[in-house]
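Participant: How does the following fold in three dimensions:
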Amino acid sequence: MARSIDYGNLMHRAMRGLIQTVLGDVADHGLPGNHHFFITFDTNHPDVAIADWLRARYPEEMTIVIQHWFENLNVTDDGFSITLNFGNAPEPLVIPFDAVRTFVDPSVEFGLRFETHEDDEDDDDASDDDAGDDDGPDTPRPAAEVVSLDKFRK
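Facilitator: From the prediction side, this is the model:
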């Protein structure tokens, strides 16, 4: 079997690392200037921890905004936790980086989108070197790409 470089998976990890670095800086120093984030994530991911009423309201995906009010932002190698205000009710959320589908900072027109391509047939050649990330050989590999910002324009 021919060995190949899995650029898609490498890009995926690099872009998740970028999000980790940005959120870590915000956790340490706060949001600079007009920066703010729209983060869409998969609410069905097994490591997502949100209130039952939020999961019922957003059964597939949810978009959060990190801007004016947030507390307890904690960033780890695997994801982040944050407390956000939902109708004057603070709710803690735990979001692994693997659950993130989009990350957008509209203040500088920057965005990332992570998609799963189920038609990839070269998965057997892909490396499973990610710690704790071995979901089996039939798991589709996520690909990363730049997201259009039109969805988030006011």
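
Participant: So residue 104 lies in a helix, does it not?
Facilitator: No: counting by DSSP: H, G, I helix; E, B strand; the rest coil, residue 104 is not found in a helix; it is strand.

Participant: Do a quick rundown of the helices in this structure.
Facilitator: Under the criterion DSSP state H, helices of the chain are mapped to 7-29, 52-57.

Participant: Save those as a markdown table, and put in distance to residue 88 too.
Facilitator: (Glycine included, C-beta is placed from N, CA and C.) As requested, these are arranged in a markdown table below (distance: least, CB to CB, whole Å):
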| stretch | distance to residue 88 |
| --- | --- |
| helix 7-29 | 23 |
| helix 52-57 | 14 |
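
Participant: Would you point to the one among those helices that's packed deepest?
Facilitator: The highest average neighbour count among these, using mean count of other CB atoms under 10 Å, belongs to helix 7-29 at a mean of 15.

Participant: ranges for the strands of the chain?
Facilitator: 37-42, 61-66, 70-75, 79-85, 90-96, 100-105, 110-116, 142-145 (DSSP state E).

Participant: Turn the ones you listed into CSV, columns for distance to residue 27, mean neighbour count and mean pLDDT.
Facilitator: As requested, these are arranged in CSV below (distance: least, CB to CB, whole Å; neighbours: other CB atoms under 10 Å; pLDDT from 0 to 100):
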stretch, distance to residue 27, mean neighbour count, mean pLDDT
strand 37-42, 12, 21, 95
strand 61-66, 10, 17, 94
strand 70-75, 4, 16, 95
strand 79-85, 8, 18, 95
strand 90-96, 13, 17, 95
strand 100-105, 15, 21, 94
strand 110-116, 19, 17, 84
strand 142-145, 23, 17, 46
